[in-house]
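1. I would like to see how this sequence folds:
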Amino acid sequence: MGIEALERVGQGGEQQQRGVQVFWRVVREAVLLATLFLVYSAGRQIAARHTGSAFGHAHEVLSFQNWLHLPNEATIQHWALQFPHLVEGANLYYASVHAPLTAAVLLWLSIWRPKAYSHVRWTMVSLTGLALIGHIAFPLAPPRMMPGFVDTGLRFGQSVYGPEHTGGPANQFAAMPSLHVGWAALIALSMILITRSRWRWLWLLHPIITFGVVVMTGNHYWLDGIVALLLLAASLPFLLRSGLHADKPHSRNSVPPRKVLK
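-> I've put the predicted structure just below:
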């Protein structure tokens, strides 16, 4: 009985130590990601000073999409506007799911899959850095600013940007590429590769819905999402390098592999 009690005390000490390590790892990663986000935001603001060609680029994108025979975003949007609740749901998804879901997945990975998390983190850094180059080199007015389109956020009182196209904390001309689509695809791919649940394939719904939402709400063109997926493909070596499956999840009922004396 005495040895069993010592075993329980030892296990409790190990769990407490593991909890402290997890806490400081999460704090460290939160500080790192916050710093990277501030750098990215500063880059977007720099890009916002060079938006004189944004509307010209928008006409070029629309012409190129017509040449590719991609579905017309304005036609899709006007069809969707016949169903106000659908558009309101799309506005809500655009504003409320992108950042919180990404943060929640990163938090979960940092706690339960720390080795895989580093792969996802550096893939996201690569994707976001490449996207920032696109924002600076190719300022682009989103569809909702173009003739024939509707700003669904303003129409239904759900806009995250407001009526002004310039000013404010967000650079509204950073439409190319779409990080909504890029991050959603990365999160889905990561969870499919890292987890083992038979339900993990449902993560594919997130980028599919996100792509539809950004088009329906007039925030992005098809090409914005396509380019984001291409940049993600270019960043995949960070995700797929060795060690992605090095984490060994702990089972709730597992017994530590130690020698037990009786």
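2. Let me know the secondary structure of Phe23.
-> Three-state assignment for Phe23 (DSSP: H, G, I helix; E, B strand; the rest coil): helix.
3. burial of it, as a residue count?
-> Number of residues near Phe23 (other C-beta atoms under 10 Å) recorded here: 11. To be clear about C-beta, it is placed using only N, CA and C from the backbone, and glycine gets the same treatment.
4. The one 5 residues further on now?
-> Neighbourhood size, Arg28 [other C-beta under 10 Å]: 11.
5. Make 51 the first number, not 1, from now on.
-> Renumbered: residue one is now 51, and that last one reads Arg78.
6. residue ranges with poor pLDDT in the protein?
-> The model of the chain has pLDDT under 70 over residues 51-65, 68, 93-101, 213-219, 298-312.
7. repeat that for 90
-> 51-103, 149, 161, 186-187, 207-222, 224, 292-312 (pLDDT under 90).
8. Now do the strands in it.
-> Counting by DSSP state E, no segments of the chain form strands.
9. what are the ranges of the helices in it?
-> For the chain, helices defined by DSSP state H occupy the ranges 52-98, 104-117, 123-130, 134-146, 148-162, 164-187, 202-205, 229-244, 255-266, 272-290.
10. Can you list the neighbours in contact with the last one?
-> Read that as helix 272-290. Outside helix 272-290, the residues that touch it by C-beta atoms under 8 Å, 6 or more residues apart in numbering are 111, 114-115, 120-121, 123, 169-170, 172-173, 175-177, 180-181, 184, 190, 225-229, 231-232, 235-236, 239-240, 243, 261, 264-265.
11. that older thread, looking at the helices of the chain, which is buried most?
-> Sort these by mean neighbour count, taking mean count of other C-beta atoms under 10 Å, and helix 229-244 sits at the top with a mean of 23.
12. list the helices and strands that one packs on?
-> Packing contacts for helix 229-244, counted by 3 or more C-beta pairs under 8 Å, 6 or more residues apart in numbering; DSSP states H and E, involve helix 148-162, helix 164-187, helix 255-266, helix 272-290.
13. Indicate which one of those helices is closest to Gln71.
-> Closest approach to Gln71 among those is made by helix 164-187 (9.4 Å; C-beta to C-beta).
14. Using PDB, write out every CA atom in the closest one.
-> Taking C-alpha atoms only, helix 164-187 is exported to PDB below (Å, rounded to 0.1, in the frame of the first residue of the first chain):
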ATOM      1  CA  PRO A 164       3.400  20.300 -29.700                       C
ATOM      2  CA  LYS A 165       5.800  18.800 -32.200                       C
ATOM      3  CA  ALA A 166       3.200  18.900 -35.000                       C
ATOM      4  CA  TYR A 167       2.300  22.400 -33.900                       C
ATOM      5  CA  SER A 168       5.700  23.800 -34.800                       C
ATOM      6  CA  HIS A 169       5.200  22.500 -38.400                       C
ATOM      7  CA  VAL A 170       1.800  24.200 -38.600                       C
ATOM      8  CA  ARG A 171       3.200  27.400 -37.100                       C
ATOM      9  CA  TRP A 172       6.000  27.800 -39.600                       C
ATOM     10  CA  THR A 173       3.800  26.900 -42.500                       C
ATOM     11  CA  MET A 174       1.400  29.700 -41.400                       C
ATOM     12  CA  VAL A 175       4.300  32.100 -41.100                       C
ATOM     13  CA  SER A 176       5.500  31.200 -44.600                       C
ATOM     14  CA  LEU A 177       2.000  31.500 -46.100                       C
ATOM     15  CA  THR A 178       1.300  34.800 -44.400                       C
ATOM     16  CA  GLY A 179       4.700  36.300 -45.400                       C
ATOM     17  CA  LEU A 180       4.100  35.400 -49.000                       C
ATOM     18  CA  ALA A 181       0.600  36.800 -48.800                       C
ATOM     19  CA  LEU A 182       2.000  40.100 -47.400                       C
ATOM     20  CA  ILE A 183       4.300  40.400 -50.400                       C
ATOM     21  CA  GLY A 184       1.200  40.000 -52.600                       C
ATOM     22  CA  HIS A 185      -0.600  42.700 -50.600                       C
ATOM     23  CA  ILE A 186       2.300  45.100 -51.100                       C
ATOM     24  CA  ALA A 187       3.000  44.300 -54.700                       C
END
